[in-house]
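[1] The following comprises the amino acid sequence and a computationally predicted model.
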Amino acid sequence: MPDNKGLMRLIERHVEIARKAVPLMDWIDWGVIQGDGALKVHGFKDAFPIGTYFRLRYLGLPDPMVRTTGAHVGNHGDHAHDVPTPADLQHLRAGDRVLVAWLPGANDPLVLGVAERVVSLA
């Protein structure tokens, strides 16, 4: 097996430069969704009301995600099926702990997703 010490040193140096250029705590944070839908971000006294923060689009999927009918999938008679939104993709809810990114050059928080405590790997 060839010696990769030089390559590893190069990668480590790039990681070191990246960490200095973009410190993690400058752009990522924790938050909690409040009862009124506001976003309370760690380290900020006041919460961001709805309309003043962003979320990734999947966090706003409707429930059900889709309603299929006979006209959509072939005429099998007059009936419909709802395709429910998976629990992991549901809307933000009060009490959700969220991962927040701060967009470069802006003061707008962006909710990346909901975090949950790992209690099982299943």
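    Nice, thanks for sending it over.
[2] Going by C-alpha atoms from here, please, whenever you check contacts or count neighbours.
    Will do.
[3] so Glu16 sits in a helix?
    Yes: under DSSP: H, G, I helix; E, B strand; the rest coil, Glu16 falls within a helix.
[4] For it, grab the count of nearby residues.
    Using other C-alpha atoms under 10 Å, Glu16 is surrounded by 11 other residues.
[5] cool, Ile50 as well?
    Ile50 has 12 nearby residues by other C-alpha under 10 Å.
[6] Check whether it really touches Leu39, as I assumed.
    Yes: if you go by C-alpha atoms under 8 Å, Ile50 and Leu39 touch, sitting 7.5 Å apart.
[7] helix or strand right after the helix or strand bottoming out on mean pLDDT in the chain?
    In the chain, the helix or strand scored least confidently by mean pLDDT, DSSP states H and E is helix 70-73, which has a mean of 57. Sequence order places strand 80-83 as the next helix or strand after helix 70-73, per DSSP states H and E.
[8] Which secondary structure elements does that following strand sit against?
    strand 66-69 (3 or more C-alpha pairs under 8 Å, 6 or more residues apart in numbering; DSSP states H and E).
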